[in-house]
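Novice: Fold the following for me, if possible:
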Amino acid sequence: MEYLKKLYKDKIITNIALLLFGIVLLVFPIESISIASKVIAVIMVVAGLSNIIYFFIDKDIKTKMDTMYFLLSLLAIGVGIYTFIKPTWLVTVINIFVGIILIISAINNLRYLLKYTVKNYLWWIFTSLNIIILVLGIVALVNPLEVASIITRLEGISLIFDAVMSLLIMRKFTLALKEN
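Specialist: Next up, the predicted model:
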């Protein structure tokens with residue numbers, strides 16, 4: 001029973017932390033993205049610096065692979081510093097990339113649908129869904145930071161919902177244990 005009490009307290013603390021984190025993501029999406037990007041930037045710089053230090057400390061004969069690894073470490077440091085200075089660029093680039101993929105995929109799917117499945121009675125559903133994907137790709141391409149903000153808010157809502165549901169389930173579990 002003592003184990004269950006400790007587990008219950010741990011779950012409550014975890015779910016309250018997730019609830020608070022979800023609220024932060026919901027209320028401050030761009031700031032959350034910025035902080036996450038800065039954390040990633042620091043990790044990239046530290047990893048790059050440690051690789052470069054190892055490159056110079058290692059006494060073995062340097063191979064071409066080591067040189068390439070050294071250059072990649074320099075690149076990681078550069079990208080990390082730039083990301084720390086301008087944290088939202090990474091999210092913007094990723095969303096532009098995703099937008100391009102969605103647009104290309106939707107165009108290819110529409111081309112295939114129009115060429116091969118016009119006789120299918122559900123062709124209009126697939127065509128409509130691909131047009132929606134095309135529009136979403138264009139939106140991600142035109143306004144990538146706003147898309148990231150929306151996604152971050154949805155993640156916040158999901159965390160809030162998950163934490164509340166977990167707390168309610170734990171409450172029901174506790175009541176069931178007391179009754180038995």
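
Novice: what's the helix ranked longest in the chain packed up against?
Specialist: Under DSSP state H, the helix in the chain containing the largest number of residues is helix 144-179. The criterion is 3 or more Cβ pairs under 8 Å, 6 or more residues apart in numbering; DSSP states H and E, and the helices and strands that helix 144-179 contacts are helix 2-27, helix 29-57, helix 89-116. (Each C-beta comes from the backbone N, C-alpha and C, glycine too.)

Novice: Help me confirm that Gly156 comes into contact with Gly22.
Specialist: Yes - in this structure, Gly156 is within contact of Gly22 by Cβ atoms under 8 Å, at 4.5 Å.

Novice: okay, and for this protein, where does confidence drop off?
Specialist: Applying pLDDT under 70 to the chain picks out residues 1, 4, 59-65, 117-121, 180.

Novice: Tell me how many other residues crowd Leu145.
Specialist: A total of 15 residues lie near Leu145 under the criterion other Cβ atoms under 10 Å.

Novice: what's the closest non-adjacent residue to Tyr69?
Specialist: If the residues on either side of it in the chain are set aside, Tyr69 comes closest to Asn51, at 6.5 Å by Cβ to Cβ, 6 or more residues apart in numbering.

Novice: show me the contacts for that neighbour.
Specialist: When the contact criterion is Cβ atoms under 8 Å, 6 or more residues apart in numbering, the partners of Asn51 are Tyr69, Phe70, Leu72, Ser73, Ala76.

Novice: where does the second one land in three-state SS?
Specialist: This means Phe70. Following DSSP: H, G, I helix; E, B strand; the rest coil, Phe70 is assigned to helix.

Novice: Thought Ile53 was touching it, still the case?
Specialist: No - the pair Phe70 and Ile53 fails to qualify as a contact (Cβ under 8 Å) at a distance of 10.8 Å.
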